[in-house]
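*Asks:* the following block contains a protein sequence and its predicted model.
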Amino acid sequence: MADYNAKPLVKVEGLYRYYGARCAVSNLGFTLSRGEILGLLGPNGAGKTSTLQMLAGNLAPSAGAIHIDGIDLLDEPLAAKAKLGYLPELPPLYPDLTVDEYLDYAAALRRVPAGRRAAAVANARERCGLKDVGRRLIGNLSKGFQQRVGIAQAILHAPAVVILDEPTVGLDPIQIREIRELIRELGKEHGVILSTHILPEVQAVCNRVQIIHKGKLVFSDSLKGFAERMDATSLVLECRQLPGIKELQALPGVASVEKLDKRRARLRFAADADPAEEIATLAVKGKWGLKGLSPEYKSLEQVFVELTTGDEPDAEPVSAAQSGVQPRQDGAPRLTP
Amino acid sequence: MSTFTIAWRELRNLFLSPLAWVLLAVVQFILAWMFLASVEGFRGNPGGVSGVTDQVAAGLFSIASIVMLLVVPLLTMRLFSEERRSGSLTLLLSSPVRMSEIVLGKYLGLLGFLGLMVLMLLLMPLSLAVGTHLDYGKLAACVLGMLLLVGAFAAAGLFMSTLTRQPAVAAVSTFGLLLFLWIINWLGQGDSRYQGVLHYLSFTDHYATLLRGSFDSVDVAFYLLFIVTFLGLSIRRLDSARLQA
């Protein structure tokens, strides 16, 4: 499993980026250790892509420092970039080349020695499910395969850090599953940072979550801590014969009841209570004709609203790494308001 | 190392697009027609003051320079503008490669292609060696002049393609700049105050000296300085794009 005591692979401190007067990224700081898959979550225009572009050395930060495996990206860009693999939003492909030609070129650019290049290309192709398309023109491949070629060029030199900007965009559900599996695989030996605005994606592959909103880090925690945030505080009860509101209100742990229609009612409860089990038992006993009892998860938007308009909106978010606390897999400290 | 990787890729990429093949064919056809016309002209008046090398070869190289003026912008327009537009420049930018290596690699790749064009041009006057005696020194000066000229064209075109994401805009501005430097000495013919400067900046004057077969280091230095300047500007431009974009 991940070794969190190792030196951080990526260390970002006080990162700022201005486009003219508009501040796209503001005082961003975090770390990434080997074996971690960090999900960068945020609505469109939150500054995810700008952040990743800066990490990959494609965009110069207005202020701040980025260290890749202990090497300063701004002082020694070549040494730092050699440890990076980057898949931008738009895969950087040459449509006129075949997959093999392209990957061979990418490997040469990444300073893979000529003798090991063929093996590196074959390995990357194998891992990204491109075995049968090596001789086909990239321009003729489907969007999903092009995306895989983009991922292949990011991992073929076995970089310490892999940066993926919305890696599953435009893929079909089967491809998405395969790519997620690949990302989990990558996370075992590399550090992975991926950006997305799709919530289930983070839940499926990441073990750490950071939420960026308007260029600021508003949330940084392990996936478990994040899942707690998303936890349900309401249930929808569906019965053939719905009991009276009063009866429902009297149920243990239920704070309020809202009747939705003849058969369905929404039950809210306190964050620490989960009355589902008891409701089910009562429903069977009372012969309500229970048809469904489903927890309502908060949507990403709701979490955003909570995070951005929380109790202490001006509080400076402190990530675990910044405060010197090593993030733990289980119940990492909740740090944001 | 990376420079040659990029140069080799660039050269091979050129041949993957029909544009390069079509340009080679069209240019060769037009120049061959001109070559035939000048050979015919020489046959009609063989006892002139100048020899066959001057009349046929230098004449052909002189006309070919104008054809190159039209052709080079079409080849340089895509170098960076298209890569920036399609996002494939990211591959180079996120690789452990210096900006100077990227620019130099692309430049050398294109220069390889232009060298091939010059070689095919050279083959035509060389074919006369079968039937007559050629002045090889003069021919070498012509080739050197042509290589320096297209090298300068390409450097200017490469810089223009770093300025815009639209290949057509890059082509038009390159053509404008080159044509301007071509005719810059039309002005100030009678005025000695800036005649010197305008003549020094003119592409034609330096080229004409070499076509006459006289090798002057001033002319060679002019082209080399021109190339270095525009390549340097391109590197700076791409570096600052990273700061601004």
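*Replies:* Yep, that arrived. None of these values were measured; they are calculated from a predicted model. Numbering: from 1, shown residues only, chains lettered A, B, ... in the order given.

*Asks:* quick one: name the residues of the stretch 101-250 of chain A near chain B.
*Replies:* A:105-106, A:108-111, A:153 (Cβ under 8 Å from any Cβ of the partner chain). Where you see a C-beta, it was placed from the backbone N, CA and C, and this is true even at glycine.

*Asks:* again, only this time at 10 Å
*Replies:* A:101-102, A:104-111, A:137, A:150, A:153-154, A:157, A:163, A:165 (Cβ under 10 Å from any Cβ of the partner chain).

*Asks:* not counting its neighbours along the chain, what's nearest the residue positioned nearest the centre of chain B?
*Replies:* With distances taken as Cα atoms, centre = their mean, B:Val150 lies nearest the centre of chain B, 1.2 Å away. In space, not counting the residues next to it along the chain, B:Val150 is nearest to B:Leu114; the distance is 4.5 Å by Cβ to Cβ, 6 or more residues apart in numbering or on different chains.

*Asks:* which SSE is the one you found in?
*Replies:* helix B:99-126 (DSSP states H and E).

*Asks:* show me the contacts for the residue nearest to B:Ser100 when sequence neighbours are not counted.
*Replies:* Leaving aside its sequence neighbours, B:Ser100 sits nearest to B:Ile235 (Cβ to Cβ, 6+ apart; 5.3 Å). Counting by Cβ atoms under 10 Å, 6 or more residues apart in numbering or on different chains, B:Ile235 makes contact with B:98-104, B:159, B:162.

*Asks:* what does A:Glu13 give?
*Replies:* A:27-31, A:63-67, A:321-322.

*Asks:* any of those buried? List them.
*Replies:* A:27-31, A:64, A:66-67, A:321-322 (16 or more other Cβ atoms under 10 Å in any protein chain shown).

*Asks:* make JSON lines out of these and add secondary structure.
*Replies:* Converted to JSON lines, the buried ones among the contacts of A:Glu13 look like this (DSSP: H, G, I helix; E, B strand; the rest coil):
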{"residue": "A:Asn27", "secondary structure": "strand"}
{"residue": "A:Leu28", "secondary structure": "strand"}
{"residue": "A:Gly29", "secondary structure": "strand"}
{"residue": "A:Phe30", "secondary structure": "strand"}
{"residue": "A:Thr31", "secondary structure": "strand"}
{"residue": "A:Gly64", "secondary structure": "strand"}
{"residue": "A:Ile66", "secondary structure": "strand"}
{"residue": "A:His67", "secondary structure": "strand"}
{"residue": "A:Ala321", "secondary structure": "coil"}
{"residue": "A:Gln322", "secondary structure": "coil"}
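
*Asks:* widest-spaced pair of the residues you listed?
*Replies:* Across the buried ones among the contacts of A:Glu13, the longest distance by Cβ to Cβ is 16.7 Å; it joins A:Asn27 and A:His67.

*Asks:* I'd say B:Leu243 and A:Asn58 touch.
*Replies:* No. Taking contacts as Cβ atoms under 10 Å, B:Leu243 lies outside contact range of A:Asn58: 11.2 Å.

*Asks:* more crowded one of those two?
*Replies:* Neighbour totals were compared for B:Leu243 and A:Asn58, and A:Asn58 leads with 20 against 10 (other Cβ atoms under 10 Å in any protein chain shown).

*Asks:* the closest residue to that one other than its chain neighbours: neighbour count?
*Replies:* Closest residue in space to A:Asn58, ignoring its immediate chain neighbours: B:Leu93 at 4.8 Å, by Cβ to Cβ, 6+ apart. By other Cβ under 10 Å, the residues close to B:Leu93 number 25.

*Asks:* give me the buried positions along the strand or helix carrying A:Val284.
*Replies:* According to DSSP H and E, A:Val284 maps onto helix A:276-285. Using 16+ other Cβ under 10 Å as the burial criterion, the residues of helix A:276-285 that qualify are A:276, A:279, A:282-283.

*Asks:* next one: stretch B:24-40
*Replies:* B:24, B:27-28, B:31, B:34-35, B:38-39.
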